[in-house]
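Engineer: Here you go, sequence then predicted model.
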Amino acid sequence: MTTDVSSRRWWLLAALALAQLMIALDTTVVTIALPSAQADLGFADSARQWIVTGYALAFGSLLLLSGRLADRWGRKRALLIGLAGFGIASAVGGAAPTVEMLVAARIGQGVFAALLAPAALALVSTTFTDPAERGRAFGVFGSVSMVGTTVGLLLGGVLTEVLSWRWTMFINTAIAIPALIGAALLVRNTSRTTAQRLDLGGAATITLGLFALVLGTSNAESAGWAHPLTLALLVVAAALLAVFVVVETRVSTPLLPMRVILERGRGSALVALVLSSAGLFTTFLFLPYYLQSTLGYSQVSTGLAFLPVPAALVVAAVFIGPALTRRIGARFVVPIGLTVAGVGALLLIRIGLHSAYAVHLLPSLILIGAGIGLVIATATGAATARLADADAGAAAATVNAAQQVGGSVGVAVLNTVAATAAATYLTAHPAAQAATQAASVVHSYTTAFGWVGAIFLAGAVATTLISPKDPAE
């Protein structure tokens, strides 16, 4: 009987990992297909960003509300609705005859991803309570998220070249079907964990606040940080998020109880997730451009070049991270992982116009993958540990929000840093030559990677200082 129960848990993890893989793939698989989609549907350059931003806006802004809804509705129901909705939205996007329908489908994907992501993570947290199994389970679940993001670059190129850009959407439907069947069979029916009235004030302020934050940082990428709309959105976001904190301390049934994020071990883990996502997503933004535009790699070759990242990440997340956590504790493993990733990012400042992959890129990709693998699995487990069942959905949503917002803000900030570095280089080297232009682009990349390394290392210091000496604190 015990063996059957244990086997059921791991099969459930497989179904939940499929759901997480679908979300992770969707963050990058469409990116490489955008030029082909634009040529097919004939939309303007200004519409391209909404295919990416529409998903991020819906996903990032609705996470905390969706996490509490999963607690109220029952996580099985939330997971099944999320999987079914995501699969349908993906099919609509793949068949879209116009860019308007494609953007609408991407927004739909974001809405249902926000519903299923906290439910899936909360189910992992409440299913694997034994410390010996918990580390391995979070290693598998966390590595699937980052591996999916990386593999999406390769898969997007292959699907676009071999079939059509539409299959970068249809692939999600193909994944959703077995995940939906597995979840329906393996997730036990759960009653609502709370019957209290929903915190509507908190729901409105956090949803609108995160929406303004993600939209503001997205606008900063294209229009700049000094643009009036960017400034207005960021001011509104700050005000709404401040109001949210005040509301949560005064209502009887808060959307996000402050105890969830103020516990020192959990706070340290959330900081690690924010900063690691900011650095990793920035690396995923600039390295493909460098490989394709500067070194002349094809889309498929670019995806293959990234494969050391998921390989190192899986080994670190599933095997090394849990073993180290058992021996020395999460408070040491997370800073070690951030330090390893930081060294890998700093090594990327050596790249040039004619860099050799094995010498200048491969060591960094392995170190970044291994470091992030240690961080994601360990920090995710720490951020969802020692919680009452009624708070599991809120904590899971906070983990997802930390990664989503960290990635969005990090990319926007460092994209601006890179653009400024390129402009400064051209000012210092005014000769209007192709070589100068190319050198300025590479300089912008190395500047961004230097900042990524600094972010990772600053995260290592911050998490060391924040983490409690006693894991129970």
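Structural biologist: Cool, the structure landed.
Engineer: going forward, measure contacts and count neighbours with C-alpha atoms only.
Structural biologist: Fine.
Engineer: Following the chain onward from the longest helix along the chain, which element is next?
Structural biologist: Criterion DSSP state H: the longest helix present in the chain is helix 392-428. Sequence-wise, the next helix or strand downstream of helix 392-428 (DSSP states H and E) is helix 434-466.
Engineer: what comes up buried for that next one?
Structural biologist: By neighbour count on 16 or more other C-alpha atoms under 10 Å, the buried set for helix 434-466 is 437-460, 463-464, 466.
Engineer: Quick one: mean pLDDT over stretch 410-430.
Structural biologist: For stretch 410-430, mean pLDDT rounds to 82.
Engineer: again, but for stretch 21-35
Structural biologist: Mean predicted lDDT for stretch 21-35 stands at 76.
Engineer: Can you give me the buried ones in that stretch?
Structural biologist: Residues 21-34 are the ones in stretch 21-35 that count as buried (16+ other C-alpha under 10 Å).
Engineer: For Ile372, give me its contacts.
Structural biologist: 276, 280, 313, 337-338, 341 (C-alpha atoms under 8 Å, 6 or more residues apart in numbering).
Engineer: Show me what stretch 339-353 is in contact with.
Structural biologist: Outside stretch 339-353, the residues that touch it by C-alpha under 8 Å, 6+ apart are 294-295, 360-361, 363-372, 438-439, 442, 445-447, 449-450, 452-457, 460.
Engineer: got it, and stretch 8-18?
Structural biologist: Outside stretch 8-18, the residues within contact range by C-alpha under 8 Å, 6+ apart are 120-121, 124, 127-128, 137, 140-141, 144, 175-176, 178-180, 182-183, 186-187.
Engineer: Please pick the buried ones from the residues you listed.
Structural biologist: Of the contacts of stretch 8-18, these count as buried by 16+ other C-alpha under 10 Å: 120-121, 124, 127-128, 137, 140-141, 144, 175-176, 179-180, 182-183, 186-187.
Engineer: Counting only helices, which of these make the cut?
Structural biologist: Per DSSP H, the buried ones among the contacts of stretch 8-18 map to helices at 120-121, 124, 127, 137, 140-141, 144, 175-176, 179-180, 182-183, 186.
Engineer: quick one: which of those is nearest Thr416?
Structural biologist: Taking C-alpha to C-alpha as the measure, Thr416 sits nearest to Val144 out of those, at 29.7 Å.
Engineer: measure Gly450 to Gln437 for me?
Structural biologist: Here the criterion is C-alpha to C-alpha, to the nearest Å. By it, Gly450 lies 20 Å from Gln437.
Engineer: tally of neighbours for Gly201?
Structural biologist: 15 (other C-alpha atoms under 10 Å).
Engineer: And for it, nearest residue in space, chain neighbours not counted?
Structural biologist: Spatially, and ignoring its direct neighbours in sequence, Gly201 is nearest to Val247 (7.0 Å; C-alpha to C-alpha, 6 or more residues apart in numbering).
Engineer: got a list of what the one you found touches?
Structural biologist: So, once contact is read as C-alpha under 8 Å, 6+ apart, Val247 ends up touching 201-202, 254.
Engineer: Check Ile175 too.
Structural biologist: Each residue near Ile175 by C-alpha under 8 Å, 6+ apart is listed here: 18-19, 22.
Engineer: out of those, which are inside helices?
Structural biologist: Those of these lying in helices (DSSP H): 18-19, 22.
Engineer: Nearest to Leu234, out of those residues: which one, please.
Structural biologist: For those, the nearest to Leu234 is Met22 (30.3 Å; C-alpha to C-alpha).
Engineer: Against Ala78, how distant is the nearest residue to that closest one once chain neighbours are set aside?
Structural biologist: In space, Met22 comes closest to Asn172 once its chain neighbours are excluded; the distance is 5.8 Å by C-alpha to C-alpha, 6+ apart. Separation of Asn172 from Ala78 (C-alpha to C-alpha): 18 Å.
Engineer: quick revisit: next, the buried residues of the longest helix of the chain.
Structural biologist: 392-419, 421-423, 425-426.
Engineer: Distance from the chain centre to it, please.
Structural biologist: Computed by C-alpha atoms, centre = their mean, to the nearest Å, the chain-centroid distance of helix 392-428 equals 11 Å.
Engineer: what angle do that helix and helix 434-466 make?
Structural biologist: Helix 392-428 runs at 140 degrees relative to helix 434-466, counting by axes from the mean of the first three to the mean of the last three C-alpha atoms, to 10 degrees.
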